[in-house]
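S.K.: no sequence for this one, just the structure:
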């Protein structure tokens, strides 16, 4: 009996270890679908764009507009293509619900010293407080750190999540220049170029770094 219990414990540990290591592998498994959760602005800072935000209503509309890019322009903002997946499920309501509860005044900053202010631990804390609405499997979101008009540059964290447990599988910070007419398109340009860079360069690097770990 003791021997059977011991073997059961060993088997459980083996399965648990395998499950843990396979979470990162799922990111690179083209056959497994992924859920696009949207753009998170929990600790974002908009630097040098004060005059563009004439009201809280305008700020919220802009955040919603950026989050709807993947829905309204799916051919350009193609999540499945970005990650080499056969299927991407769009559930931007997850981040929209979270963003709607934010204090817009806290997002506005006046110092370039706040440009790079987040660490990986901060992203994990943000994700920990998310409601994934009963979703399961692999999710991905962009955690916006800074839209900095003064540099100009955008900082975004590409974050992969186990939606059932709320754990961050891995997250990587990326910096990208914006481009376009009007504030919506200007920062949408940075989001688009971030997606292109993930597809063309970063995904392969991440696979080497995280596969089988």
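M.R.: In hand now; what should we look at? Bear in mind that the values here come from a model prediction, so they are computed numbers and not experimental data. Numbers count the residues shown, from 1 in each chain.
S.K.: With adjacent residues omitted, what lies nearest to residue 70?
M.R.: residue 77 (4.5 Å; C-beta to C-beta, 6 or more residues apart in numbering). Placement of C-beta: from N, CA and C, glycine included.
S.K.: tell me the contacts of the one you found?
M.R.: By C-beta atoms under 8 Å, 6 or more residues apart in numbering, the contact set of residue 77 is 69, 70, 191, 192, 195.
S.K.: Confirm that it lies within a strand, as I assumed.
M.R.: No. Applying DSSP: H, G, I helix; E, B strand; the rest coil, one finds residue 77 to be coil, outside a strand.
S.K.: returning to that earlier point: would you list the contacts of residue 77 in JSON lines and tack on neighbour count?
M.R.: As requested, the contacts of residue 77 are exported to JSON lines (neighbours: other C-beta atoms under 10 Å):
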{"residue": "69", "neighbour count": "20"}
{"residue": "70", "neighbour count": "21"}
{"residue": "191", "neighbour count": "22"}
{"residue": "192", "neighbour count": "20"}
{"residue": "195", "neighbour count": "24"}
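S.K.: Just name the shakiest helix or strand of the protein by mean pLDDT.
M.R.: helix 2-28 (a mean of 51; mean pLDDT, DSSP states H and E).
S.K.: need the next SSE after it, C-terminal direction.
M.R.: strand 34-40 (DSSP states H and E).
S.K.: Which residues does that following strand contact?
M.R.: 27, 63, 66-67, 70, 79-80, 83, 85, 87-96, 98-99, 126, 132, 135, 137-144, 159, 161, 163, 191.
S.K.: Just the buried ones among the residues you listed, please.
M.R.: 27, 63, 66-67, 70, 79-80, 83, 85, 88-89, 91-92, 94-96, 98-99, 126, 132, 135, 138-144, 159, 161, 163, 191 (16 or more other C-beta atoms under 10 Å).
S.K.: Among those, which ones are in helices?
M.R.: Counting by DSSP state H, the part of the buried ones among the contacts of strand 34-40 found in helices is 27, 63, 66-67, 70, 79-80, 83, 94-96, 98-99, 126, 191.
S.K.: Quick check: the farthest pair among these?
M.R.: 27 and 63 (26.0 Å; C-beta to C-beta).
S.K.: so what does the host helix or strand of residue 204 touch, helix or strand wise?
M.R.: Element membership of residue 204, judged by DSSP H and E, is helix 203-210. Helix 203-210 sits against helix 2-28, strand 167-176, with contacts defined as 3 or more C-beta pairs under 8 Å, 6 or more residues apart in numbering; DSSP states H and E.
S.K.: same thing but at 10 Å, please
M.R.: Contact partners of helix 203-210 among helices and strands, from 3 or more C-beta pairs under 10 Å, 6 or more residues apart in numbering; DSSP states H and E: helix 2-28, strand 153-162, strand 167-176.
S.K.: Give the buried residues for it.
M.R.: 203, 206, 210.
S.K.: possible to save the residues you listed as JSON lines with distance to residue 169 and pLDDT?
M.R.: As requested, those are exported to JSON lines (distance: C-beta to C-beta, whole Å; pLDDT from 0 to 100):
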{"residue": "203", "distance to residue 169": "14", "pLDDT": "96"}
{"residue": "206", "distance to residue 169": "10", "pLDDT": "96"}
{"residue": "210", "distance to residue 169": "8", "pLDDT": "91"}
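S.K.: just those residues now: which is nearest residue 170?
M.R.: residue 210 (5.4 Å).
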